[in-house]
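[1] coords below, sequence missing:
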């Protein structure tokens with residue numbers, strides 16, 4: 001029987017590096033591999049979204065839209081894919097529909113073809129507008145189920161959620177398994193049921209943290225999944241994903257392999273050579289962590305928490321932190337751990353561990369999560385936690401926080417005028433930076449202004465990539 005060629009999404013430029021080096025890879029270190037990656041025949045490359053947008057502005061002194069422009073230049077034959085957090089976009093709070101529409105239309109204009117749209121609580125109400133705007137732009141709206149396990153999550157739950165997503169108009173569906181919890185046979189059965197109940201293509205995304213990813217991806221392929229996410233071998237496994245070359249080798253012998261393994265080796269060697277430059281961001285994980293099947297902490301979340309504890313000189317608290325996370329998750333109705341719920345639960349767990357007393361200090365975001373401001377949680381919230389939140393003086397997320405684009409445009413224009421950033425506010429890309437990460441973008445623009453202080457003309461030329469778009 002002739003084997004079908006699997007559609008593969010290469011994720012090294014986004015989730016691969018996010019899981020292993022805290023998203024710190026610079027654009028200049030990606031560029032030498034891009035043309036080669038374009039020749040492989042990937043169905044898509046995941047290049048953007050998630051933490052990459054945030055980290056570009058916060059740590060790398062890069063404009064995320066400039067990075068996207070680079071990808072568009074080099075990927076002439078391969079679709080560009082991004083991760084979108086539904087109403088949270090690439091940020092950590094809900095945004096007005098006018099902001100969501102502007103972000104998606106600008107992303108399409110700049111080159112994104114596939115939008116993997118998810119909600120951390122699997123609340124489909126938080127997916128609806130994004131799917132609509134992507135469809136209006138003629139691109140692939142990939143609705144997502146954030147896989148997790150709990151007393152309230154079962155096969156019936158996932159099938160119903162997937163059907164609801166399809167009914168919203170999603171053009172494909174992704175199973176997003178952030179912590180590597182999806183067991184091979186469970187995956188086989190789930191994919192089979194989804195293929196029988198849905199008309200749209202099914203994609204699988206899982207992580208290697210628990211050691212299940214290779215088998216899970218293979219069983220998904222056997223069950224008829226349409227697309228599998230992998231990461232080039234030098235940025236694979238541990239907190240990350242099945243190696244691209246490994247999956248291909250599972251499916252083909254040397255004579256029948258439709259992929260150029262020599263080309264893939266060259267790509268892997270490039271990323272292997274640059275990885276030591278980012279070793280300070282590597283996590284402590286050296287092999288499989290089967291405890292994640294119990295604690296359910298996603299790889300990307302774990303690497304960030306490790307770095308936070310290191311910065312606080314409290315690395316000795318890592319085990320306590322990992323054990324606290326599932327207890328909080330149960331208290332708050334078994335929310336899946338994915339952005340922004342993973343950050344909210346992780347931050348609260350950090351407070352509990354550092355305080356050495358549970359819920360002594362409550363973060364505003366955690367209070368908002370309990371109060372339903374981020375959406376409907378899957379299960380029931382602990383009665384004790386509800387009482388503790390009621391006693392706190394934290395304010396709920398006010399509805400007027402959802403400002404429209406007109407409000408932000410006026411605010412950004414004032415900032416630009418005050419700092420002699422002439423015409424910068426006319427760029428939708430810069431406006432979106434300001435809306436999504438106001439403080440970080442202000443620092444970014446002011447920092448670049450200081451580097452171009454010879455004269456105002458020099459400053460404008462320094463932003464020449466963006467001003468006249």
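    Ah, there it is. Keep in mind that this is a model prediction, so the values were computed, not measured.
[2] for residue 83, give me the pLDDT.
    Confidence at residue 83, expressed as pLDDT, is 98.
[3] quick one: secondary structure of it?
    strand (DSSP: H, G, I helix; E, B strand; the rest coil).
[4] burial count for it?
    A count of neighbours around residue 83, defined by other CB atoms under 10 Å, yields 29. Just so you know, the C-beta spots here come from the backbone N, C-alpha and C atoms, and that holds for glycine as well.
[5] show me the beta-bridge partners of it.
    Under DSSP bridges, the beta-bridge partners of residue 83 are residue 49, residue 116.
[6] list the contacts of it.
    14-15, 46, 48-50, 90, 116, 118 (CB atoms under 8 Å, 6 or more residues apart in numbering).
[7] want to throw those into JSON lines with distance to residue 342, neighbour count and pLDDT?
    As requested, the contacts of residue 83 are exported to JSON lines (distance: CB to CB, whole Å; neighbours: other CB atoms under 10 Å; pLDDT from 0 to 100):
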{"residue": "14", "distance to residue 342": "16", "neighbour count": "24", "pLDDT": "98"}
{"residue": "15", "distance to residue 342": "14", "neighbour count": "28", "pLDDT": "96"}
{"residue": "46", "distance to residue 342": "18", "neighbour count": "26", "pLDDT": "98"}
{"residue": "48", "distance to residue 342": "19", "neighbour count": "26", "pLDDT": "96"}
{"residue": "49", "distance to residue 342": "15", "neighbour count": "25", "pLDDT": "91"}
{"residue": "50", "distance to residue 342": "11", "neighbour count": "22", "pLDDT": "80"}
{"residue": "90", "distance to residue 342": "15", "neighbour count": "23", "pLDDT": "96"}
{"residue": "116", "distance to residue 342": "16", "neighbour count": "26", "pLDDT": "98"}
{"residue": "118", "distance to residue 342": "12", "neighbour count": "26", "pLDDT": "97"}
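[8] among those, which pair sits farthest apart?
    Taking CB to CB as the measure, these span a maximum distance of 14.6 Å, between 48 and 118.
[9] okay, now the unreliable bits of the chain?
    For the chain, the stretches with pLDDT under 70 are 1-3, 298-300, 303, 393-401, 450-469.
[10] how is it divided into domains?
    As given by automatic domain parsing, the domain ranges for the chain are 7-281, 292-399, 403-467.
[11] right, and the helix or strand after the host helix or strand of residue 431?
    Element membership for residue 431, per DSSP states H and E: helix 428-436. Downstream of helix 428-436, the next assigned helix or strand under DSSP H and E is helix 438-450.
[12] contact partners of that next one?
    With CB under 8 Å, 6+ apart as the criterion, helix 438-450 contacts 54, 57-58, 61, 63, 415, 419-421, 424, 430, 433-434, 459, 462-463.
[13] for those residues, which one is nearest residue 174?
    Of those, the one sitting nearest to residue 174 (CB to CB) turns out to be residue 54, at 21.3 Å.
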